[in-house]
Structures are given as structure tokens and as C-alpha cells.
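Asker: Sequence and computational prediction follow.
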Amino acid sequence: MTALRIDALPFPLERFGPEGGWTYEDGALTGTAGPKQDRFVPPGGDALEPASDAPRLLGAAPEGDFQLIARVKVGFAAAFDAGVLYLHVGEREWAKLCLELSPERPTVCTVVTRGQSDDVNSAEVEGDSCWLRISRTGGAFAFHASADGERWTFVRVFTLGTEEERAAARVGFLVQSPTGEGCTASFDRISFRPTAPGDLRDGS
């Protein structure tokens, strides 16, 4: 399937998982998850079982530090519907930064999967949109959220995989609807910076 190119990104995006009907028009990327689609490995479950899956659009990030930024807007209909910035390091080494209905209020949530997934709620959000940012800073990755794309709130810092796997990380976008009949999310104001934030905790 033909890769999708976005003006602001220095790498093409490839489709993974179920069909997401991805489109890119007027600076906005839009995708749709089908019923009961999610990417999650329940903690305490069988780590050998395959992960559930959801539509993903991913590209290979250039070497070194970076920031992937987008404003995410979600058509919330059911609990845990979400638009996601997604980081893929290995088949069982990946992470999600979500704007999610969790379960009744829009919330910034994170999942880091190392064989099995964890699940952490951060701050509630007013409305159906929020800015999200994934960064690579040295051997670590960081998640931030923002109401305006200017001042950023620290959400999480972590590492995944081996040094070689981290260097080959793929980043991009995911849409999920774990309990519902489907969900559409859009991502606009997309940007990519070949640097890490100056300080993870000072709002920059």
C-alpha cells in the first residue's frame, strides 16, 4: 500500500494494523478505528498471546533526538475512545500517549508496554481536543501535553528496548475504540523537530 506523506514530517508514514481509512487534507490527518479495536496487552495476562490491534500510521524517525507534535481531536462516543501519538520500538515494546474518554471525561492517558501493558491516567481535559508531544531525548522517551501548543505539561519519561531498537523507533498515529462501535480522530498542527525539549519539566 502506498505510503502517506505529510508536509511537516521528514519521513513517510505506512499503515499498520486494521484498515483505518486514513486521509490527509488541508493539514489534517484523520483516521477511524472500527468496533472494539485497541492496542493493549492486559497486565497479568498471558504475555505470549498476541496484542489486540488498532489502526496505526507510522514512520521511521531520523536518528537522534526529536519531537513529534500534533493537536488531537477525538469524536468521543464510548469509554476509552482515543486519538493517540504512538511509539513503536518492538513487537512487545511500544507506548501510547492518548487523548481518551477515560471513562467519562476526556483525559490524557499513557500506556507503556514491555511484554504487557501498564495504564496510567494523567490530567482531565476540557473539550474534545488537546496538544500531544512525543520526544526522544538521548536514551529516553518523554510524553507531554498542552492546552495551547505553547506551554507543555510533563506527563512521563521512560525507556524502551535496546539501544539499537530505540535508534530504529517508529512514531506516528493511532485511533482506538476498545469498548465502542468505532471512533474517528483527527491530528492537525503536526510538526517535527530534530531536537529534544530543553527541559522536560519547565513547560518548554
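Answerer: Perfect, I can see it now. Residues are numbered from 1 along each chain as shown.
Asker: And the pLDDT for Ala51?
Answerer: At Ala51, the model reports a pLDDT of 73.
Asker: just checking, what packs against the helix or strand where Ala95 lies?
Answerer: Using DSSP states H and E, Ala95 falls within strand 93-101. Where contact means 3 or more CB pairs under 8 Å, 6 or more residues apart in numbering; DSSP states H and E, strand 93-101 is packed against strand 66-74, strand 82-90, strand 106-114, strand 129-137, strand 140-146, strand 153-158. No exception for glycine: its C-beta is placed from N, CA and C like everyone else's.
Asker: Figure out how far the second one is from the centre of its chain.
Answerer: This points to strand 82-90. Centroid displacement of strand 82-90 relative to its chain, using CA atoms, centre = their mean, to the nearest Å, is 3 Å.
Asker: Equivalent analysis for stretch 162-178, please.
Answerer: Chain-centre distance of stretch 162-178: 8 Å, with CA atoms, centre = their mean.
Asker: Let the chain start at 503 from now.
Answerer: In the new count, where the first residue is 503, that last one comes out as stretch 664-680.
Asker: Output that stretch in PDB with nothing but the alpha carbons.
Answerer: C-alpha atoms of stretch 664-680 as PDB (Å, rounded to 0.1, in the frame of the first residue of the first chain):
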ATOM      1  CA  THR A 664      17.700  -1.900  23.400                       C
ATOM      2  CA  GLU A 665      19.900   0.900  22.200                       C
ATOM      3  CA  GLU A 666      19.600  -0.500  18.600                       C
ATOM      4  CA  GLU A 667      15.800  -0.800  18.900                       C
ATOM      5  CA  ARG A 668      15.400   2.700  20.300                       C
ATOM      6  CA  ALA A 669      17.500   4.100  17.400                       C
ATOM      7  CA  ALA A 670      15.200   2.400  14.900                       C
ATOM      8  CA  ALA A 671      11.900   3.600  16.600                       C
ATOM      9  CA  ARG A 672       8.800   4.300  14.600                       C
ATOM     10  CA  VAL A 673       6.500   7.100  15.600                       C
ATOM     11  CA  GLY A 674       3.100   8.200  14.400                       C
ATOM     12  CA  PHE A 675      -0.600   8.000  15.000                       C
ATOM     13  CA  LEU A 676      -3.300   5.500  16.200                       C
ATOM     14  CA  VAL A 677      -7.000   5.600  16.700                       C
ATOM     15  CA  GLN A 678      -8.800   3.200  19.100                       C
ATOM     16  CA  SER A 679     -12.300   2.300  20.300                       C
ATOM     17  CA  PRO A 680     -11.900  -0.600  22.800                       C
END
